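Participant: Give me a 3D structure for the following:
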Amino acid sequence: MVETVERFYSAFNGLDAEVMTNCYHDNIIFEDPAFGQLKADRAKAMWQMICASQKGKSFRVKCLHVHRENGIVKADWEAFYTFSKTGRSVHNKIKAQFEFKDGLIIKHIDHFNLHKWAWQAFGLKGWLIGKFPFFKNQLQRQTNNALDNYLKNR
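Facilitator: Residues are numbered from 1 along each chain as shown. Reported below is the predicted structural model:
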C-alpha cells in the first residue's frame, strides 16, 4: 500500500496521469478543498486534466513522508507550481490519507489550508476572502466547470 502511494506521487511529479490513475480503484472517491468530492472516472479525469495543464511548466511534487497507520496510508506532500489565473507561485503543503480495496486506492482525501493557498494564488484578495465558505464554494464550482469542459473536449 505504501509503495502504491509512493508510485502515485512519483508519477504525479512526472505528470504521468496514466500511472496515477492505474493506482486508483474503479470506484475511487477523491476529495479535497479545491474540487470537493469526485467519484470514479471523474476523479481520474481530474488528474488527467491537471497533468495535461502542467506539461512544460515549472510544476513539481515532493512526497515527504508516507506511512501506514491503523490500516490507512498517510502522506505528507507538497506541490510547487504557478497558478495559471494569476501567474503567482504556489507552494501547497498537503496531508493525504488513502484507503485501499483489491490492492488499489479506493478513497483518497487531501487536506490543505485553503486560506493559505488562496493567499498564495490570489495575493491580498485571496487572503481577504479565502477563509470564507463562499470562496470555497465558488472555487469548487470553477474547478468542476473546468473538469466538465475538459471531459467534453477530450
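Participant: can we go C-alpha only for contacts and neighbour counts from here?
Facilitator: Fine.
Participant: Kindly provide the distance from the residue nearest to G14 when sequence neighbours are not counted to A79.
Facilitator: What sits nearest to G14 in space, not counting adjacent residues and going by Cα to Cα, 6 or more residues apart in numbering, is R60, at 7.8 Å. Distance, R60 to A79, by Cα to Cα, to the nearest Å: 6 Å.
Participant: With Q37 instead?
Facilitator: Distance check for Q37 against A79: by Cα to Cα, it reads 20 Å.
Participant: Where do the helices of the protein begin and end?
Facilitator: 2-13, 17-22, 40-54, 114-122, 124-129, 133-153 (DSSP state H).
Participant: Go through those and name the closest to K85.
Facilitator: helix 114-122 (8.3 Å; Cα to Cα).
Participant: how far does that closest one sit from the chain's center?
Facilitator: Centre-to-centre, helix 114-122 and its host chain are 15 Å apart (Cα atoms, centre = their mean, to the nearest Å).
Participant: Dump the helices of the chain to TSV, plus mean pLDDT and distance to I106.
Facilitator: Shown next, in TSV, are the helices of the chain (pLDDT from 0 to 100; distance: least, Cα to Cα, whole Å):
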stretch	mean pLDDT	distance to I106
helix 2-13	97	12
helix 17-22	98	11
helix 40-54	97	9
helix 114-122	97	24
helix 124-129	95	33
helix 133-153	97	20
